[in-house]
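J.: Below are the sequence and a predicted model for it; my questions follow.
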Amino acid sequence: MPQTAISAPSAAEVILLVDDDAAVLASLQFALELQGFSVRPYPSAEALLAQPELPSHGCLVLDYNLPGLDGLALLERLRDRGVALPALLITTPTSEAMTKARAAGVEVVEKPLLGDALALAVKRVLAPAPRF
């Protein structure tokens, strides 16, 4: 299947990455930074929620299976705070997570993350909406 050409990330766009597995967090941060993204990693939902200010440009990449607040509950809290960044949910394929994510209007990227699937999904949600 041919790849869709998607522009390089803007320096003003920050990825807020939340995963409780330190090895996964570090490897995703490394992979995204190799693609030119600025990444702020957080080991928990609470760590991200503790930030007094979040960027206005970029996106959220949230693990669904977080201890305490899951990724969708974290997204709901962020939306309640007025954070309108587009969001991606990382999860293993489960019907419950997928159904909830779709209902919330969140794109899902399934684990295992193969190739540049996550970077392409991030670029897709960051791409400006087409103007007609």
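T.: Nice, I can see it. Residues are numbered from 1 along each chain as shown.
J.: could you point out where this structure is predicted with low confidence?
T.: Residue ranges of the chain with pLDDT under 70: 1-12, 95, 129-132.
J.: can you point me to the longest helix in it?
T.: If you go by DSSP state H, the chain has its longest helix at helix 22-34.
J.: For the very next helix or strand once past that one, give me every contacting residue.
T.: Elements were assigned by DSSP states H and E; along the chain past helix 22-34, the next helix or strand is strand 38-42. Strand 38-42 is touched from outside by 9, 11, 13-19, 25-26, 28-29, 32-33, 48, 58, with contacts defined as Cβ atoms under 8 Å, 6 or more residues apart in numbering. Any C-beta I mention is one placed from the backbone N, CA and C, and that applies to glycine too.
J.: try 10 Å this time
T.: Around strand 38-42, the neighbours that count as contacts under Cβ atoms under 10 Å, 6 or more residues apart in numbering are 9-20, 22, 25-26, 28-33, 47-51, 54-55, 58, 61-62, 66, 74, 122.
J.: mind checking how far it is from the chain centre?
T.: Taking the mean C-alpha point of strand 38-42 and that of its whole chain, the gap between them comes to 10 Å (Cα atoms, centre = their mean, to the nearest Å).
J.: what do you get for stretch 118-132?
T.: That offset, for stretch 118-132, works out to 13 Å (Cα atoms, centre = their mean).
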